[in-house]
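Engineer: pasting the sequence and the predicted coordinates here, then a few questions.
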Amino acid sequence: MATRPRDYDYLFKLVLIGDSGVGKSCLLLRFSDDAFTESYITTIGVDFRFRTVNVGGKVVKLQIWDTAGQERFRTITSAYYRGADGIVVVYDVTEPESFAHVDDWLAEVNRYATENTVKILVGNKSEKDSDRAVATDDARRKAEDLGISFIETSAKEAINVDLAFTTVARELIAIKEAQAAAGGHQSQAGDERQRLGAADLRSASQRFSSCSC
């Protein structure tokens with residue numbers, strides 16, 4: 001039986017992390033469905049969505065995992081760092097505590113993720129500039145010190161959301177192409193991830209109403 005050809009050039013697994021309430025679910029909803037609601041959901045456990053985008057002429061399928069930010073679920077979500085191609089670390093520009101916790105989240109990423117995992121720092125809720133508590137320059141300097149990309153977004157107003165995810169995809173493509181040019185195999189980034197049963201994933205992801213966007 002012939003194998004159906006893939007309809008994408010790359011498949012990348014991205015993981016959204018950060019404190020509860022920073023708007024990770026809203027970023028995912030905006031990116032995957034171009035939607036926003038004031039009464040969206042707080043994630044318990046893990047949820048995921050797909051979106052296919054064109055990046056530099058390459059068709060890229062992104063599998064994006066939305067993890068719970070609550071401390072008691074940290075042991076659940078740590079398993080999902082393994083095999084992640086990219087990590088999106090989100091903080092709320094109006095909540096300095098969420099920014100202070102970025103180092104803690106990245107320490108966990110470095111503990112579980114691979115060395116080549118691409119990371120980006122995302123300051124969400126940029127539309128609330130009058131309530132801002134984290135200066136853009138401070139966040140940019142932190143990202144520069146960490147050697148990772150940085151961007152501010154607004155899931156509510158659809159500002160820079162696509163750019164945040166495609167920035168990660170672009171960096172990942174560059175890595176894959178460099179590996180291929182060096183004689184390595186151009187990995188298509190984990191087709192086995194698609195074999196994870198939807199029912200199993202749902203069992204790890206129960207959700208309830210409570211806006212945190």
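Structural biologist: That came through fine.
Engineer: quick check: bridge partners of Asp66?
Structural biologist: Beta bridges link Asp66 to Leu16, Asp47, judged by DSSP bridges.
Engineer: which ones are touching it?
Structural biologist: Counting by C-beta atoms under 8 Å, 6 or more residues apart in numbering, Asp66 makes contact with Leu16, Lys24, Ser25, Leu28, Thr43, Val46, Asp47, Phe48, Arg49. Heads up, the C-betas are built off the backbone N, CA and C, glycines and all.
Engineer: which SSE is the third one in?
Structural biologist: What it means is Ser25. Here Ser25 sits within helix 24-33, counting by DSSP states H and E.
Engineer: coming back round to it: which among the contacts of Asp66 count as buried?
Structural biologist: By neighbour count, with 16 or more other C-beta atoms under 10 Å, those hold Leu16, Lys24, Ser25, Leu28, Thr43, Val46, Asp47, Phe48 as buried.
Engineer: could these go into CSV alongside distance to Tyr81 and pLDDT?
Structural biologist: Below are these laid out as CSV (distance: C-beta to C-beta, whole Å; pLDDT from 0 to 100):
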residue, distance to Tyr81, pLDDT
Leu16, 12, 95
Lys24, 15, 94
Ser25, 18, 91
Leu28, 17, 95
Thr43, 16, 66
Val46, 11, 75
Asp47, 16, 81
Phe48, 14, 87
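Engineer: quick one, what contacts Ser154?
Structural biologist: Applying C-beta under 8 Å, 6+ apart to Ser154 gives the contacts Asn124, Lys125, Ser126, Glu127, Asn160, Val161.
Engineer: setting aside sequence neighbours, what's the nearest residue to Arg82?
Structural biologist: In this structure, Arg82 finds its nearest non-sequential neighbour in Tyr112, 5.8 Å apart by C-beta to C-beta, 6 or more residues apart in numbering.
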